[in-house]
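>>> no FASTA, just this:
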C-alpha cells in the first residue's frame, strides 16, 4: 500500500476576506438588536410568574385527610 499524500493550496482574495468579516459583523449586530425584545418579553413573563406565585402563596392550602372513616 502506498503512502501517497498531497497538499491542496487555495488562495482567498483580500476583498473576499473583508466581505466575510463585514457579513459577520452585520449578522452579529442583527442578533444584538433581536436580543432586546426577547429579553424584555422574557423578563415580563418572569414578573408575571413571580406575581402569580406570590398571590398563590398567600392562600390557605388544603390538606389531605388521613383516609380513615369518620374523620
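Looks like it came in fine. No experiment lies behind these values; they were computed from the predicted model shown.
>>> helices of the chain, residue ranges please.
Counting by DSSP state H, the chain has these helices, from start to end: 14-57.
>>> remind me which residues of it are low pLDDT?
1-2, 58-71 (pLDDT under 70).
>>> same thing but 80
Along the chain, the model assigns pLDDT under 80 to residues 1-3, 57-71.
>>> how much space between residue 22 and residue 5?
Going from residue 22 to residue 5 by C-beta to C-beta, to the nearest Å gives 36 Å. Yep, even glycine has a C-beta here, placed from its N, CA and C like the rest.
>>> number of nearby residues for residue 57?
Neighbourhood size, residue 57 [other C-beta atoms under 10 Å]: 8.
>>> kindly report the same for residue 44.
Neighbourhood size, residue 44 [other C-beta under 10 Å]: 10.
>>> again, but for residue 36
Residue 36 has 9 nearby residues by other C-beta under 10 Å.
>>> for residue 28, see how far away it is.
Per C-beta to C-beta, residue 36 is found 14 Å from residue 28.
>>> check residue 10 too.
Distance check for residue 10 against residue 28: by C-beta to C-beta, it reads 26 Å.
>>> between those two, who's got more neighbours?
The neighbour count for residue 10 versus residue 28, taken as other C-beta under 10 Å, is higher for residue 28 (10 against 4).
>>> and the more buried one, how far from residue 35?
Remark: distance between residue 28 and residue 35 (C-beta to C-beta) = 11 Å.
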